[in-house]
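sharing a model prediction with you, sequence too.
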Amino acid sequence: MKKFRTIFLCLCSVLPLSMTMGPVRKDDKSRKPSDSRVHLLHADRLYFNQRIHSTAQFLVGDVRFNHEGTLMYCDSALFYEATNSFDAFGNVRMIQGDTLSLVGEVLYYDGLDQMARVRHNVVLRHRESTLYADSLDYDRLYDLGYFFEGGRLVDKDNELTSDWGEYSPTTREAAFNYNVRLVNPRPPRQAKSVLISDTLHYNTRTGIAHVLGPSNIDNGQNHIYTEDGYYNSNSDESYVLNRSILQNGYKVLVGDSVCWDSKLRIGKAYGHAVYTDTLNKNKFTGNYAMYNDSTGYAEAADSAVLIDYSQRDTFYAHADSFFLYTYHIDTDSMYRMLHAYHHVRAYRSDVQAVCDSMVYDGRDSCTTMYRDPIIWQEGQQLLGEQIKAWRNDSTLDSVYVINQALSVERIDSVHYNQVASKEMHTYFENGEVRLTVADVNVYVNYYPFDDDSLMIGMNHTESSQMKLYMKDRKVEKIWMPEASGVMYPLFLIPPGELYLENFAWFDYVRPQNKDDIFHWRSKRAGTELKESVRHAAPQQRLSDIQNGENNGRNAKKRRSKDSENDTKNKN
């Protein structure tokens, strides 16, 4: 006891505590001094020492104070009754109500400002939260504690550390600055999420953190960069703003706002959203995009665009909405299918297309277009009720047109090479047409040229099949099993024979560049394809045939009975 008293007196004489306790809050003009007095409840020993301090009461042993219901304990203290304050040393404790306690080694308490400054091994406990610091000032007037030499806040789930921060027991809000780090769950458990920021606001009641300034959230293989966002530590969900970036391996999602659910592994972006698959070198853009990392499902809508930059030239496609499905994910049999619905327009420098809806199958690189599909390649146009296009690396491999097939090649504003048939299969070699096979009800209008590249006339031919071989963009040969036709001199072509019956040239619908894919242009009224009527197949099962015969006999009996009734009525 004597040794402790000697150290205590030396500290008092050399370092006036009120001047050596670190930063002091600036004067607050709206702050009114407290009228209530600090009361000394107990001390084992009380004495004065004019030589050491003329206005202080020296208190030693089990010292206790009370100020407006707040109890403060220490081993020894200097009590300044005139200024309503005291300096406390050793096993300092401050108890406020039944939910807050503050402990440390040294305390300076100002009863007028209701300010407590605690130093060395400081621990503030409030409900389920505990704040550890080396220096902490606690403002009882505003119910706010703040640290400025590093601190650590721990609750039931998280651990937060920073260089500077404050905590309000009333609102349960914490504000941390400089080298902020949030770990969820807190040690010693294995961390699932780590948040690093410059400025963070955290509510211990809701478990929600609001970050401001450059911030990074790591969650397993996922990484989020944001400068303004929210993280819910209870649900492990993130909602980030201001062009935030969500990266998951080779998948990157960016948007004006981005949501990430770590439990469901679902990411969503809103406003100028961009979803990029850096492995497969394609991306979705739009005002909405999402992907499910567990299933490999992705979608985009609202000004949605698919961009494929995996080949030598970038491919752009727009639709009302895109849906990407992944099958047998994380296996050797994995493949993807892409569905595009309504107002599909596609552009690449060497090929363009429009249709109502489209499906791409990754198993065979086949794209199927539905409802008034059209494909253009340079001066050639292909259309029909349905089109299937197979791709080989960066070029078209073949195109299959099903029902009402029409191939048109523009020569000039008046003359067009035309082939119409029920079905048509076109094969490509190095991106250029090599062979076209037309089947069933084949009609051809073809303009041959002489050696001087002068148009000779028009050959109109009808056949059951045609094979057209091309080389260097010129006709190499034409094969037909049997055909009937006529060769018209150029200036004797009947006006009604210039074009086949289903001829149409839809150049006004064709996308002109990658920005034109957003401008939907419908076909002119009356030029839309009407789907072929497909009659029902004949009945094949005996039960169906018997039912049909029975129905026929019953109908015959009803007609006979009706006839007899009519005769009776007339008589």
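Sure, I can see it.

from now on I want contacts and neighbour counts done on CA atoms only, so please keep to that.
Fine.

which regions of this structure lie under the pLDDT threshold?
Scanning the chain for pLDDT under 70 picks out 1-30, 394, 530-571.

so residue 108: helix, strand or coil?
What DSSP: H, G, I helix; E, B strand; the rest coil gives for residue 108 is strand.

looking at it, it is touching residue 118, isn't it?
Yes. In this structure residue 108 lies within contact range of residue 118 using C-alpha atoms under 8 Å: 6.6 Å.

the two: which is more packed in?
Counted by other C-alpha atoms under 10 Å, residue 108 and residue 118 do not tie: residue 118 has more neighbours, with 30 against 23.

list the contacts of the strand or helix carrying that one.
According to DSSP states H and E, residue 118 maps onto strand 115-126. Under the criterion C-alpha atoms under 8 Å, 6 or more residues apart in numbering, residues 21, 99-110, 130-141, 169 lie in contact with strand 115-126.

among the residues you listed, which are in helices?
Judged by DSSP state H, these include no members of helices.

now the strands: where do they sit in the stretch 351-500 of the chain?
In the stretch 351-500 of the chain, the segments counted as strands under DSSP state E, counting those that start in this stretch are 351-361, 366-370, 374-377, 380-383, 386-392, 395-410, 416-429, 432-446, 457-471, 474-479, 483-489.

typo on my end, the stretch 101-250 of the chain
Taking DSSP E, counting those that start in this stretch to define them, one finds strands in the stretch 101-250 of the chain at 115-126, 129-139, 144-147, 151-154, 159-162, 164-168, 173-184, 193-203, 208-219, 222-232, 237-248.

adding distance to residue 326, write those strands out as a markdown table.
Shown next, in a markdown table, are these (distance: least, C-alpha to C-alpha, whole Å):
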| stretch | distance to residue 326 |
| --- | --- |
| strand 115-126 | 49 |
| strand 129-139 | 44 |
| strand 144-147 | 51 |
| strand 151-154 | 42 |
| strand 159-162 | 38 |
| strand 164-168 | 46 |
| strand 173-184 | 31 |
| strand 193-203 | 27 |
| strand 208-219 | 23 |
| strand 222-232 | 20 |
| strand 237-248 | 16 |
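
relative to residue 516, which of those strands is closest?
Closest to residue 516 of those is strand 237-248 (C-alpha to C-alpha; 25.9 Å).

ok, residue 505 - contacts?
381, 408.

how much space separates it from residue 499?
10 Å (C-alpha to C-alpha, to the nearest Å).

what of residue 166?
Counting by C-alpha to C-alpha, the gap from residue 166 to residue 499 is 82 Å.

repeat that for residue 192.
69 Å.

now residue 81
For residue 81 relative to residue 499 (C-alpha to C-alpha), the value is 111 Å.

related to what we said a few turns ago, looking at residue 166 and residue 499, which one has more neighbours?
It is residue 166, of residue 166 and residue 499, that has more neighbours when counted by other C-alpha under 10 Å, with 21 against 17.

identify the bridge partners of the nearest residue to that one once chain neighbours are set aside.
Nearest residue to residue 166, sequence neighbours excluded (C-alpha to C-alpha, 6 or more residues apart in numbering): residue 146, at 3.8 Å. Under DSSP bridges, the beta-bridge partners of residue 146 are residue 137, residue 166.

residue 79 and residue 139, how far apart?
19 Å.

higher neighbour count, those two?
residue 79 (23 against 18).

from the contact counts, what lies against the strand or helix carrying that one?
Using DSSP H and E, residue 79 sits in strand 70-80. The contact analysis (3 or more C-alpha pairs under 8 Å, 6 or more residues apart in numbering; DSSP states H and E) places strand 70-80 against strand 53-67, strand 85-96.

in the longest one, what counts as buried?
Of all the residues in strand 53-67, those buried under the rule 16 or more other C-alpha atoms under 10 Å are 56, 57, 58, 59, 60, 61, 62, 63, 64, 65, 66, 67.

let me have these in JSON lines, extended by distance to residue 523.
Shown next, in JSON lines, are those (distance: C-alpha to C-alpha, whole Å):
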{"residue": "56", "distance to residue 523": "97"}
{"residue": "57", "distance to residue 523": "98"}
{"residue": "58", "distance to residue 523": "98"}
{"residue": "59", "distance to residue 523": "97"}
{"residue": "60", "distance to residue 523": "98"}
{"residue": "61", "distance to residue 523": "97"}
{"residue": "62", "distance to residue 523": "95"}
{"residue": "63", "distance to residue 523": "93"}
{"residue": "64", "distance to residue 523": "91"}
{"residue": "65", "distance to residue 523": "89"}
{"residue": "66", "distance to residue 523": "87"}
{"residue": "67", "distance to residue 523": "85"}
